[in-house]
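Colleague: Quick check, what structure comes out for this input:
(one chain, ligands or ions: 1)
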Amino acid sequence: MDSITRHWPSYAIACLATVALILLSRLRRRYRNLNSPPGPKPWPIIGNLNLIGSLPHRSIHDLSQKYGEIMQLKFGSFDVVVASSVEMAKVFLKTMDVNFACRPKTAAGRYTTYNYSDITWSPYGPYWRQARKMCLMELFSAKRLESYEYIRVEEMRSLVRSIFDSRGEGILLKDLLSTVSLNVISRMVLGKRYLDESDESNSVVSPDEFKKMLDELFLLNGVFNIGDSIPWIDFMDLQGYVKRMKTVSKKFDRFLEHVLDEHNERRRAAGENFVATDMVDLLLQLADDSNLDVKLERHGVKAFTQDLLAGGTESSAVTVEWAIAELLKKPEIFQKAIEELDRVIGKDRWVQEKDMCNLPYIEAIAKETMRLHPVAPMLVPRRAREDCKVAGYDITEGTRVLVSVWTIGRDPELWDKPEEFCPERFIGKEIDVKGHDFELLPFGAGRRMCPGYSLGLKVIEASLANLLHGFTWKLPSTMTKDDLNMEEIFGLSTPKKIPLLTVAQPRLPVEMYRL
Ligand code: HEM
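Modeller: Got it, this is the predicted structure:
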């Protein structure tokens, strides 16, 4: 109340300015005779924000059922177009991809990624293009990923060992999964686990604290921050998100400064003989390269490093947790998966990445999980770079674009009994998740598609396969499958609202767990 009283003159000016802007934009539309996509009538100032609940992808899904495959909403003073069919996704992410390859400016991009210096929030242009080139040529090249396979194998073993040690007890699966992906990604990106408490030099932040920081970063990068839609009231930070963004980015900065200092020290000490062994080494080398089209500054290296750590940790853990939760609801799927694993792998070895092409049923479980629980249900927002026409409708420059892969994954025209978890639907079908088949786009498609998809997919498939191969999974004895809560929370990723608590029992001969 105090803050509103104190700021009322700015508040009044803000309201007037917004009303004026809306009237102006309506006049502009009428004058230009624009034919906008259908959508609900917006209110002054808030537009259609009143229709968006705590799970925006579900609210938007419901609206798209009424207004169709392309609809226009108003979030405060911004036009938002939602594409929710294969045809529309193709237009925005393929045919006209270059016009929609920009990101909107958001508080998250500004405060948590060194003022849009990372890959995810940087605008379309030479800096972002150079970043993607680095991903393609250096960070995620097939050769580089292969060279890090031993890390994934070691971390998978340590996952299996911790589950074995907790056999028969309730396990919070996502915690263990996040540890694996965090360790895999820190070893690849930072050169060591970094968050290993046993290592004295890693005292900057504890693993638990770091996981909390990542959760917070993911949440804040996906939330609907009102100030992003109604910039005039941004300064009030009504939801307190901006304050949280500043806090979390300070914590990350402290950690990243420590990482870069250590890496630079190692480089200095090695002198001429220095060989890059991790992604931060590579980024620091690129930062020294005077031939780069756009200079990569220290804050850019920090922003990229943070992007890689965040992108690589949360998404795969979230996906595998959903997969096991779905299977606990349908034990017959466990049975089929185990039959396949016993037949192809046998009981005397663990699953390796190269086995995946012979495990179509496990692959199908992963795809079915990503169909029903895409980590980013509306991808990451895009922004129209120029005025254009889509399906006969006018889309004006600056319009934000959401592609609802959540709705596409539930389209009854594409999927039989879409709400049912049924991996069989993928057996014998050539549908992949690599951005070619627009009915299944968990990693997006086009220029802005996830650059880490092949690493993400490797981690998801290998952990899922080994969890199913090594253990039988049950709910705690006090729970039935009907008690299993399948609600989600919305952020940049969409994890289970209530973390999955489950009980594992070893399935293979006991010596197999002596890893
Ligand atoms: C495990 C599963 C993963 C899923 C489901 C996932 C999903 C996505 C999605 C949906 C996008 C937005 C695409 C778009 O706007 O069209 C994205 C972008 C991105 N992802 Fe991933 N991702 C995963 C793993 C990773 C990994 C392992 C990394 C890096 C280590 C990563 C780094 C990024 C980055 C940097 C972007 C921004 C790309 C840009 O804006 O140009 N992701 N991811």
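Colleague: who in the stretch 301-450 of the chain is up against the ligand?
Modeller: Within reach of the ligand by C-beta under 6 Å from any ligand atom, the stretch 301-450 of the chain has these residues: 307-308, 311-312, 315-316, 319, 375-376, 379-380, 442-444, 448-450. The way it works is simple: take the backbone N, C-alpha and C, and place the C-beta from them, glycine included.
Colleague: Then the chain?
Modeller: Counting by C-beta under 6 Å from any ligand atom, the chain sits next to the ligand at 119-120, 132, 185, 307-308, 311-312, 315-316, 319, 375-376, 379-380, 442-444, 448-452, 455-456, 460.
Colleague: just to revisit the earlier point, report the buried members of the residues of the stretch 301-450 of the chain next to the ligand.
Modeller: Buried members of those, scored by 16 or more other C-beta atoms under 10 Å, are 307-308, 311-312, 315-316, 319, 375-376, 379-380, 442-444, 448-450.
Colleague: show me what contacts the closest residue to residue 209 other than its chain neighbours?
Modeller: Leaving aside its sequence neighbours, residue 209 sits nearest to residue 251 (C-beta to C-beta, 6 or more residues apart in numbering; 8.0 Å). Applying C-beta atoms under 8 Å, 6 or more residues apart in numbering to residue 251 gives the contacts 205, 209, 213.
Colleague: Looking at these, which are in strands?
Modeller: Using DSSP state E, the subset of the contacts of residue 251 located in strands is empty.
Colleague: which one of those is nearest the ligand?
Modeller: Checking the contacts of residue 251 against the ligand by C-beta to the nearest ligand atom gives residue 213 as the nearest, at 16.4 Å.
Colleague: If we ignore the residues flanking it in sequence, what's nearest that closest one?
Modeller: Closest residue in space to residue 213, ignoring its immediate chain neighbours: residue 251 at 5.4 Å, by C-beta to C-beta, 6+ apart.
Colleague: element containing the one you found, please.
Modeller: helix 241-270 (DSSP states H and E).
Colleague: and the closest residue in space to residue 490 that isn't next to it in sequence, how many neighbours?
Modeller: Among residues not flanking residue 490 along the chain, residue 55 sits closest, at 5.2 Å (C-beta to C-beta, 6+ apart). Residues lying near residue 55 (other C-beta atoms under 10 Å) number 17.
Colleague: Now do the contacts for residue 55.
Modeller: 488, 489, 490.
Colleague: where does it land on pLDDT?
Modeller: At residue 55, the model reports a pLDDT of 92.
Colleague: now do residue 132
Modeller: Checking the pLDDT column for residue 132, the value is 95.
Colleague: Ok, residue 358 next?
Modeller: The model reports residue 358 with a pLDDT of 97.
Colleague: can I assume it is in contact with residue 344?
Modeller: Yes. Applying C-beta atoms under 8 Å as the test, residue 358 and residue 344 come out as touching, 5.0 Å apart.
Colleague: okay, the two: which has more neighbours?
Modeller: Using other C-beta under 10 Å, the more surrounded residue of residue 358 and residue 344 is residue 344, with 16 against 13.
Colleague: give me phi/psi at residue 57?
Modeller: phi -60, psi -30 (degrees, to the nearest 10).
Colleague: Tell me how far it lies from residue 75.
Modeller: 14 Å (C-beta to C-beta, to the nearest Å).
Colleague: can you map out the strands along this structure?
Modeller: Using DSSP E, strands in the chain cover 70-75, 78-83, 170-172, 382-383, 388-390, 393-395, 400-403, 471-474, 501-506.
Colleague: Sheet-wise, list the partners of the second one with their directions.
Modeller: Right, the one you point to is strand 78-83. Its sheet considered, strand 78-83 pairs with strand 70-75 (antiparallel), strand 400-403 (parallel) by DSSP bridges.
Colleague: I figured residue 401 was touching residue 84, is that so?
Modeller: No. Using C-beta under 8 Å, residue 401 is not in contact with residue 84, being 11.5 Å away.
Colleague: Tell me which of the strands paired with strand 78-83 sits nearest to residue 50.
Modeller: strand 70-75 (10.7 Å; C-beta to C-beta).
Colleague: Outside of the closest one itself, list whatever touches it.
Modeller: With C-beta under 8 Å, 6+ apart, strand 70-75 has contacts from 36-40, 42, 47-49, 51-52, 60, 63-64, 79-85, 88, 224, 228-229, 390-391, 393, 399-400.
Colleague: quick one: pLDDT of residue 86?
Modeller: At residue 86, the model reports a pLDDT of 98.
Colleague: How many neighbouring residues does residue 489 have?
Modeller: There are 15 residues near residue 489, going by other C-beta under 10 Å.
Colleague: What separation is there between it and the ligand?
Modeller: 16 Å (C-beta to the nearest ligand atom, to the nearest Å).
Colleague: what are the phi and psi angles of that residue?
Modeller: According to degrees, to the nearest 10, residue 489 has phi -120, psi 150.
Colleague: My guess is it contacts residue 495. True?
Modeller: Yes. Residue 489 is within contact range of residue 495, at 6.2 Å (criterion: C-beta under 8 Å).
Colleague: all helices in the stretch 51-200 of the chain, in order from the N-terminus.
Modeller: 56-67, 86-90, 107-112, 126-134, 142-147, 149-165, 173-190 (DSSP state H, counting those that start in this stretch).
Colleague: Dump those helices into CSV; add mean neighbour count and distance to residue 429 as well.
Modeller: Shown next, in CSV, are those (neighbours: other C-beta atoms under 10 Å; distance: least, C-beta to C-beta, whole Å):
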stretch, mean neighbour count, distance to residue 429
helix 56-67, 17, 24
helix 86-90, 19, 15
helix 107-112, 21, 37
helix 126-134, 17, 30
helix 142-147, 12, 25
helix 149-165, 17, 27
helix 173-190, 23, 27
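Colleague: Rebuild the ones you listed as CSV, extending it with distance to residue 333.
Modeller: Below are the helices of the stretch 51-200 of the chain laid out as CSV (distance: least, C-beta to C-beta, whole Å):
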stretch, distance to residue 333
helix 56-67, 25
helix 86-90, 26
helix 107-112, 37
helix 126-134, 37
helix 142-147, 29
helix 149-165, 19
helix 173-190, 17
